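J.: Predicted model and sequence below, questions to follow.
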Amino acid sequence: MEYKEALGRAFAKVPSKLKEHSRFEPKRFLSRIEGNKTVISNFSQVCSSLGRKPEHLLKFLQRELATPGEIKNSLLYLGTRIYSQRIDEKLDEYIEKFVMCHECKRPDSEIIKDKGLSFLVCHACGARRPVREL
């Protein structure tokens, strides 16, 4: 009986709803400021971890941060000083809009064009939703 009592006490202490851990941990940008420019040194690695083309993420960052940018040798050069916290906020926004499935909350998706429109298609659950063009 002692074992069953101890087991009952242990189960009583376990929270009823455990925090769910996501298997998807996106890479964060490694950025530095050089003069009046911001350099992101791992831009291509972040793009490959998200499964998106670097040009797509670049267009998003240029539009959202209102700055010119160019990719040279897997580095991203942004035309103004932007602190890493702001860049990370925009990366999270990009992931929410263009990577994560709104139905199953998984990153197993891709952007495809069909009849002139872009859609985010989830490979995990089959959901399909339109996304805006960049």
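T.: That came through fine.
J.: Break the chain down into its structural domains.
T.: 25-99, 102-134 (automatic domain parsing).
J.: rank these by mean pLDDT and give me the bottom one.
T.: Note on the domains of the chain: lowest mean pLDDT is at domain 102-134, with a mean of 89.
J.: Compare the domains of the chain and give me the one nearest V14.
T.: Smallest distance to V14 across the domains of the chain (C-beta to C-beta): 24.0 Å, for domain 102-134. C-betas here are computed from N, CA, C, even on glycine.
J.: Give me the buried positions along the closest one.
T.: R106, P107, S109, I111, F119, L120, C122, A127 (16 or more other C-beta atoms under 10 Å).
J.: Secondary structure and distance to L134 added to those residues, as CSV?
T.: Supplementary listing: the buried residues of domain 102-134 in CSV, determined by DSSP: H, G, I helix; E, B strand; the rest coil; distance: C-beta to C-beta, whole Å:
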residue, secondary structure, distance to L134
R106, coil, 22
P107, coil, 19
S109, strand, 16
I111, strand, 10
F119, strand, 14
L120, strand, 13
C122, strand, 20
A127, coil, 21
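J.: hmm, back to that, can I get the domains of the chain in CSV including distance to A10?
T.: Shown next, in CSV, are these (distance: least, C-beta to C-beta, whole Å):
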stretch, distance to A10
domain 25-99, 30
domain 102-134, 30
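J.: Between the buried residues of domain 102-134, which sits nearest A66?
T.: Closest to A66, out of all of the buried residues of domain 102-134 and judged by C-beta to C-beta, is I111, at 23.1 Å.
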